[in-house]
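*Asks:* Here is a sequence with its predicted model. Questions after.
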Amino acid sequence: MSEKAKEEKAYRVLESHGFLQRVVFRYMLEGHAASEEGKLAWVTSGFPVEIPVAMDVGVSYPEQYGAVIGSEKAGPKLCGYAEELGYSQELCSYARASIGSVKHPEESPLEGLPAPQALLACNNICGTVLRWYDAISQMTGAPVFLVDTPPLEGEQLPHHIAYVRHGLDDLVSFLSEQFGTTLEEDKLREVTDLATETIGVWTQCLEACKNKPSPLNCADRFLAMAPVVAIRGRDYTLEYYQMLLNEVKDRVTNGLGAIRDEKVRLLWDNIPPWFRVFRIMGSLAKRGVVFPADTYTHAWTGSFKDEDRMDSIASMYSNVYLNKGLEAKVDKMCGLIKDYDLDGFVMFSVRSCKRYSLGQLVSKELVSERTGVPGVVIEGDMVDSRLQNDAQIETRLDALLEMLL
Amino acid sequence: MSNAQAIEQSERILKQLVDKGKPILGYVYPHTPLEIIMAHGVMPALLYANPTVMGSYEASLQTFACSFVRNMFSQRVNDQLPYVDGIVFPGNTCDSLQNLADIWHLRFPQDKVFRLTYPAGNQGEAAIQYFAEELRIFSNSLEDAYGFPFSDAAFRQAVILVQRFRNAVQFLYAARLLQPSSVPYRRIAAFVREFHSAPLETVVDELRATVNDVEHSLAKTGRVDSTKALQHALLERRLEDVSILSDLPTPRLAIVGGMTEPQAISELVNAVSKVPSTAVVFDLLSFGFKTIFTPMPAFEGDPFETMARSVLGALLEPTQEGLPKRLDFLKAALTHLAIDGLIVCEQSFCDPDEFESPSLLAVASGVGVRSLRLPVDPEFSDRVRLEGRIQSFLETLPHGGAA
Amino acid sequence: MGIGLDLGSSTTKGVLVDKNGKIIAARLIPTGAIASKAAENVLEELTKLSQLDLGDVSTVSTGYGRTQVEFAHESITEITCHSVGVHSLNPGIKLLIDVGGQDSKVIRIGSKGRPTNFELNDKCSAGTGRFLEVMARVLEVSIDELGPLALKSKFPCLISSTCTVFAESEVIGRIGSGESPANIAAGVHQAMAAKISTLSRRVGVASPTAVTGGVARNPAFCHYLSAALNCDLWIPKEPQLTGALGAAILAIARASDTE
């Protein structure tokens, strides 16, 4: 209790947070209802979700649930159940935790995700998702559908768009067959418009952090991103972000920061260690360290153009951050450091996530070289605390701060 | 020939080619279109993990990068790669290799680094059109880098050579299954390795001679026709009508594992004192089998499209077909090929291997075949323990046991 | 008669049995740097203890150094030997957990005493005797004191890392934050039991279960393992000798086969 009170001193709690909890709760109930009706699909975080949503198929996000498992500190236990089934501890902990919770829902937070009738994967965030969903399919019998978006080098060429577009058309046929629904042009337009508007408001919240002091810290955004990832194309999601934006604007107008005494502004790279993120951010806040930008929550931006909607979806979902090469990542990080006027950066090397993490040692050098600000790589995991050494992390963060403070 | 000798030999051959002015393009993915590379007058050479390499990746790669990727990168840092002038990496097959190409490019900007991106999942005709275009782009970049345009004649020659090789090794695979004494597994593995290190006529000639000997020995037991029938069945992936005679030596082991190099594994298994030379009858889903049972590209039509059909028609790659298909084939192989022990290799930090292994083990257990999970890395750094595992496994088999 | 020699990473064990598999002599010595030397020494000790000429007795070697013993007639892995050894002592045992210095093994024993399936720890030292040795050193107690210390705890603290190096720094952190040594020791044993339990479930937990190897003598480990597996554990009187015993029994079988 006393520790929490201390943390609150350095850290301002968002008032819109209460509404966020209700949004997430509602979405969870919708997932359960859809599952009971036999109309629920699990989707990966970069999946073109507007299509199932427009076709009235309910969706749940195992990666987001992985974050819940991590925050609830249930990672080691649930990952352990997957290891009992023979899955190596070297594999992605979102996947292991998810496999473990399918095996033992009774021991999982919120009694597990609602049971899926289909598994929709898009490999624009990593190649692991397909293998993970294959494993879940073996356990649940729900079929896997992959939207293949081969990683891009440079610009997306016409044959690539055509191929992804073809996959989206196949997706529509798959969903029609699986769930007996159809895709109406108007409905897709409506859902994508709403998504574009939501993403737009979210992007304004992110960009408000260019202000000094920054109205949001990393952990605020990690929580607030949930609906823009998972609950797109709903009016109540838009309502939430408008509320968040108002609060952010208020803070900016009144010169209020996310933390009380902002001294150092840093960039965060990669998924956070969910089981420790608030403690790390809290203790850094006490020392005046804020994270006005991160590569993770900035990955859900962009908008659907007014051209053919399916082509627009094909283009947007192929061009996400993790589907591009290392140079694009370096450019993005340098851009954020410049635009948000940051003093340094922290790269979290996530043992689970090879796609996000391999290359950080090289990009760290490049980003420092190009921006002139120092950075540090710390290693750990997003869900499986057994793979993380807090003492090692603290030492490295201290060393970075000694260079800056 | 030992693994170390094989490395030496392939380096010697590559050196001779380099001295003659032949550019050599290294590759790491089994389904690299050799014929396209050869059509540009370039020699494709499969790059192997080097078990003796000193780890020198730490400045660029974390420890959780796939162990094969770490090994390759260390070879480059130590200047230990064989004589290659460029490397082609696969895209969209696994996250470690995907990122390795980027890292390589940034760390060694002077190296010629190509990337050929594959479609994933089972996307039918759309995947073929996509991949054909990727092959065309790859071909153009080869021309830019080496200065030789795509030659139809050279392509045709390459297709014939590769097909002669595959056809002969397919026959040896079938012979090994029907009459293990007719050809040692390590012999087959050595041919696979030699050809992939440098696809030369001389290797195929030597291979043809071996095929003749094997055919001769099969003729004595009247098994030539059944071997050819099995070869065909394996190529078609239809094993229902295959029957294996019950008088064959036991145990009959099969090895699976995506990144497993047959020769290295065969050496490891043979080092275990109690393994009879007839024991390993088959590898599947791994480096040997899946590179051999690839359908031949047609001569007619657009060469890139026919190559795309050939490569994507290959058997058993986790990225190219769903898990259920692979499990069905494994089940059929275990049942119809009378396998009584399955060794599932898991390359350390290899996502595809490690994700698939529990399902493979479950299939084996479902059809009553004993299985062993073998966690390996390219350096075989805990060799003694691996040998112990294999020996223990043989001791658990009804026929292969101790005392 | 038959001789079984088990050359482990920390200790070498020798067992001499009569033709019925009854133990005539048994000895345990540190392995030291040269396994073959340890084998000779333990054979010498068996000769002294039994006062018999053991020159022609059928000998089977097992354990890490099994191939180093030139005078052994055969080498068989410790998986089979432990299985046979435990089966001879308690034929009902279905699952055997052997935790040694650098290895832990979980073995399903078939009806004839032979292993039917097994799993080993990965190559890091998590879940082996070495893990406990390192933690004992950090807590400044001897390895024999670590178990009894842990049993004094009412509130084991959570040690989440299974990697030995990470856990070591986690334990140091706990000491720094004032956690009692007993609670830390208990947490260490719990982490170890969790790791072994995962390994066991891969093979399939089956009752009755036996525990052997040096770590079986640690009461806290057995307590937490029993809780993690939710079953009772049977521990032989000499849990470190079962490998050598199994080897000796296999040596008799071998001799009668070759006759």
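*Replies:* The structure has been received and is ready for your questions.

*Asks:* Identify the residue nearest the residue of the stretch 101-250 of chain A found nearest chain C in space, chain neighbours excluded?
*Replies:* In the stretch 101-250 of chain A, the residue that lies nearest chain C is A:K103 (10.5 Å; Cβ to the nearest Cβ). The C-beta positions use only the backbone N, C-alpha and C, and glycine is treated the same way. Nearest non-adjacent residue to A:K103, counting by Cβ to Cβ, 6 or more residues apart in numbering or on different chains: A:Y81, 5.0 Å away.

*Asks:* for the helix ranked longest in chain B, which positions count as buried?
*Replies:* In chain B, assigned by DSSP state H, the helix with the most residues is helix B:152-178. Neighbour counts using 16 or more other Cβ atoms under 10 Å in any protein chain shown place B:154-155, B:158-159, B:161-163, B:165-178 of helix B:152-178 among the buried residues.

*Asks:* I'd say the residue of the stretch 101-250 of chain A closest to chain C and A:M139 touch.
*Replies:* Yes. Here A:K103 lies in contact with A:M139, judged by Cβ atoms under 8 Å, at a distance of 7.1 Å.

*Asks:* so where's the chain uncertain?
*Replies:* Reading this off chain A. A:1-9 (pLDDT under 70).

*Asks:* You answered for a different chain; I wanted chain C.
*Replies:* Along chain C, the parts satisfying pLDDT under 70 run over C:123, C:258-259.

*Asks:* do the same with chain B
*Replies:* In chain B, residues with pLDDT under 70: B:1, B:258, B:285-287, B:315-321, B:399-403.

*Asks:* Secondary structure class of the closest residue to chain C within chain B, three-state.
*Replies:* In chain B, the residue that lies nearest chain C is B:S392 (3.8 Å; Cβ to the nearest Cβ). B:S392 falls in the helix class when you classify it by DSSP: H, G, I helix; E, B strand; the rest coil.

*Asks:* picking that back up, what count of nearby residues applies to the residue of the stretch 101-250 of chain A closest to chain C?
*Replies:* A:K103: 16 surrounding residues under other Cβ atoms under 10 Å in any protein chain shown.

*Asks:* Likewise for C:P30?
*Replies:* 11.

*Asks:* for chain C, what are the nearby residues on the stretch 301-405 of chain A?
*Replies:* Those residues of the stretch 301-405 of chain A that sit near chain C, judged by Cβ under 8 Å from any Cβ of the partner chain, are A:S385, A:R386, A:L387, A:Q388, A:N389, A:D390, A:A391, A:Q392.

*Asks:* Around the residue of the stretch 151-259 of chain C at minimum distance from chain A, count how many other residues there are.
*Replies:* Evaluated by Cβ to the nearest Cβ, the stretch 151-259 of chain C has C:R201 as its residue closest to chain A, separated by 3.7 Å. Per other Cβ under 10 Å, the neighbour tally for C:R201 reads 19.

*Asks:* how far away is the residue lying closest to it once chain neighbours are set aside from B:M259?
*Replies:* If the residues on either side of it in the chain are set aside, C:R201 comes closest to A:E84, at 3.7 Å by Cβ to Cβ, 6+ apart. For A:E84, the distance to B:M259 equals 25 Å [Cβ to Cβ, to the nearest Å].

*Asks:* Need phi/psi at A:G154.
*Replies:* phi 70, psi -140 (degrees, to the nearest 10).

*Asks:* what residues are up against it?
*Replies:* Going by Cβ atoms under 8 Å, 6 or more residues apart in numbering or on different chains, A:G154 touches A:G325.

*Asks:* Could you do B:E134 as well?
*Replies:* Contact analysis of B:E134 by Cβ under 8 Å, 6+ apart lists A:H159, B:L116, B:T117, B:Y118.

*Asks:* Show me what counts as buried in stretch B:265-277.
*Replies:* Neighbour-count burial for stretch B:265-277 flags B:I265, B:S266, B:E267, B:L268, B:V269, B:N270, B:V272, B:K274, B:V275 (criterion: 16+ other Cβ under 10 Å).

*Asks:* those helices in the stretch 251-400 of chain B, which residues are they?
*Replies:* Here the stretch 251-400 of chain B has its helices, by DSSP state H, counting those that start in this stretch, at B:262-271, B:287-292, B:303-312, B:323-336, B:351-366, B:383-396.

*Asks:* residues in contact with the residue of the stretch 101-250 of chain A closest to chain C?
*Replies:* Going by Cβ under 8 Å, 6+ apart, A:K103 touches A:Y81, A:A82, A:L85, A:M139.

*Asks:* Nearest residue to the residue in the stretch 201-350 of chain B that chain A sits nearest to in space, please, no chain neighbours.
*Replies:* Using Cβ to the nearest Cβ, B:L323 is the residue of the stretch 201-350 of chain B that sits closest to chain A, at 4.0 Å. Nearest residue to B:L323 in three dimensions, chain neighbours excluded: A:D134, at 4.0 Å (Cβ to Cβ, 6+ apart).

*Asks:* quick one, what contacts that neighbour?
*Replies:* Residues in contact with A:D134 (Cβ under 8 Å, 6+ apart) are A:V144, B:G322, B:L323, B:F355, B:S359.

*Asks:* Turn those residues into a markdown table, including neighbour count.
*Replies:* Compiled in a markdown table, those are given as follows (neighbours: other Cβ atoms under 10 Å in any protein chain shown):
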| residue | neighbour count |
| --- | --- |
| A:V144 | 23 |
| B:G322 | 17 |
| B:L323 | 20 |
| B:F355 | 25 |
| B:S359 | 21 |
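
*Asks:* Would you mind giving those as JSON lines with distance to A:G325 added?
*Replies:* Putting the contacts of A:D134 into JSON lines (distance: Cβ to Cβ, whole Å) gives the following:
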{"residue": "A:V144", "distance to A:G325": "27"}
{"residue": "B:G322", "distance to A:G325": "27"}
{"residue": "B:L323", "distance to A:G325": "28"}
{"residue": "B:F355", "distance to A:G325": "24"}
{"residue": "B:S359", "distance to A:G325": "32"}
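
*Asks:* from those residues, which single one is nearest B:A198?
*Replies:* Nearest to B:A198 among the contacts of A:D134: B:F355, at 32.9 Å, using Cβ to Cβ.

*Asks:* which among the contacts of B:E134 end up buried?
*Replies:* Buried members of the contacts of B:E134, counted by 16+ other Cβ under 10 Å: A:H159, B:L116, B:T117, B:Y118.

*Asks:* Report the separation between B:S60 and C:I3.
*Replies:* Taken as Cβ to Cβ, the span from B:S60 to C:I3 is 53 Å.

*Asks:* Neighbour count: the two, which is higher?
*Replies:* Each of B:S60 and C:I3 has its neighbours counted (other Cβ under 10 Å); C:I3 has more, 29 against 24.

*Asks:* Quick check: phi and psi on that one?
*Replies:* Backbone torsions for C:I3, taken as degrees, to the nearest 10, come to phi -120, psi 140.

*Asks:* picking up where we left off before, return the subset of the contacts of B:E134 lying in helices.
*Replies:* Residues of these located in helices (DSSP H): A:H159.

*Asks:* so can I have TSV of the contacts of B:E134 showing distance to chain C?
*Replies:* Shown next, in TSV, are these (distance: Cβ to the nearest Cβ, whole Å):
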residue	distance to chain C
A:H159	43
B:L116	34
B:T117	33
B:Y118	31
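
*Asks:* Reformat the contacts of B:E134 as JSON lines; add distance to B:V53.
*Replies:* Below are these laid out as JSON lines (distance: Cβ to Cβ, whole Å):
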{"residue": "A:H159", "distance to B:V53": "38"}
{"residue": "B:L116", "distance to B:V53": "25"}
{"residue": "B:T117", "distance to B:V53": "27"}
{"residue": "B:Y118", "distance to B:V53": "27"}
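
*Asks:* Mind listing what's buried along stretch A:102-112?
*Replies:* For stretch A:102-112, burial by neighbour count (16+ other Cβ under 10 Å) applies to A:V102, A:K103, A:S108, A:P109, A:G112.

*Asks:* wouldn't the third one be in contact with A:S101 here?
*Replies:* Right, the one you point to is A:S108. Yes. At 3.8 Å, A:S108 and A:S101 qualify as touching, with contact defined as Cβ under 8 Å.
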